[in-house]
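1. Turn this into a model:
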Amino acid sequence: MSKERILSLPCWGSGVELEELPGGITNRNYKVSCSAGKRMARVCEDRKVLGIDRANERACQAAAASIGVAPAIVYHEEGVLVSEYIEGRTLEDSDVKEEAALERLARLLRGLHESRAELRGELLYFCPFQTIRTYVGNAKELGAVLPDQLDAILEDLDGLSEELEPFRPALCHNDVLAANILDDGTSLWLVDWEYGGMGNPLFDLAGVSGNCGLGPGEEGLLLAAYFGGEDPAAARQVSILKAVSLLRETLWALIQTVASDIDFDYVAYAAELFEAYRRAREELRGSR
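-> Numbers count the residues shown, from 1 in each chain. Model (predicted):
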């Protein structure tokens, strides 16, 4: 989608100014200023190889916006999503690791996961195990280079799935990276709901830990703030899902090595994630 098409959308007022924002590794993002205020425009299409369904994304973001944890959607049409612009800063991993930030993020996620009675809309179900198996098939079809001993990894994955306890599904973001958290100075906001859906709320906690590189103490602070104290059983579940989350993100990056036209080193990113997955998996073995 060209900048000209974005400028021609019917949702702007007068005096439209467009600024491309850096950092996106799936979509191209623009800050739009006009007489109606500031908006965020994302050039985004269905990405079946990544499991992205834009109708579901909009439904999840709208549901999250209704409870105050995501920006409201202003306008959408095929290939573009326009949301309210949040005046604030995008967090870094180092920001998330601070105790106060972990406590704020725990409250945000707890509120999201406890919003079941307020949810409306047709929301898809998200299962990381199914996502991984699908990503493997898609990566093979695209000719991406996959990790050695993949069959053994997938067999191990099946074993991990058997260790999970029953859970009450909740609306989850399922991609809680520091880059998807905004801080306006008062509140934290979750953006980029491409992988949102009903699922296991512990996967969001696992995503924070794995994606942001939390150490044991930092992870302990996050879980204690979320659960209101220590919960060894839940901590074990989060540890399992952290390894699963990192494997899923590795395969996502491997698909992007052959599917994306964005200037980003997906090969190095995939290697970094796979090493993090291996460490998480070894830690899991050692914690028995």
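
2. In three-state terms, label E283 for me.
-> Here E283 is helix, with the state taken from DSSP: H, G, I helix; E, B strand; the rest coil.

3. For it, which non-adjacent residue is closest in space?
-> Nearest in space to E283, with sequence neighbours left out and distances taken as CB to CB, 6 or more residues apart in numbering, is S239 at 7.1 Å. Just so you know, the C-beta spots here come from the backbone N, C-alpha and C atoms, and that holds for glycine as well.

4. Give the helix, strand or coil label for the one you found.
-> Going by three-state DSSP: S239 is helix.

5. which residue is nearest the middle of the chain?
-> What sits nearest the mean C-alpha location of the chain, by CA atoms, centre = their mean, is D175, with 1.3 Å.

6. dump the residue contacts of that residue.
-> Neighbouring residues of D175 by CB atoms under 8 Å, 6 or more residues apart in numbering: 192, 194-196, 207.

7. that older thread, check the gap between the residue nearest to E283 and L246 for me.
-> 11 Å (CB to CB, to the nearest Å).

8. so what's in contact with those two at the same time?
-> With contacts taken as CB under 8 Å, 6+ apart, S239 and L246 have A280 as neighbours in common.

9. For the stretch 151-288 of the chain, which segments count as helices?
-> Assigned by DSSP state H, counting those that start in this stretch, the stretch 151-288 of the chain shows helices spanning 202-211, 216-227, 232-259, 266-286.

10. residues of the worst-scoring helix or strand of the chain on mean pLDDT that come out buried?
-> Ranking every helix and strand in the chain by mean pLDDT, DSSP states H and E puts helix 3-7 at the bottom, with a mean of 81. Neighbour-count burial for helix 3-7, counted by 16 or more other CB atoms under 10 Å, picks out I6.

11. which other helices and strands contact it?
-> Counting contacts by 3 or more CB pairs under 8 Å, 6 or more residues apart in numbering; DSSP states H and E, helix 3-7 is packed against strand 17-21, strand 28-34.
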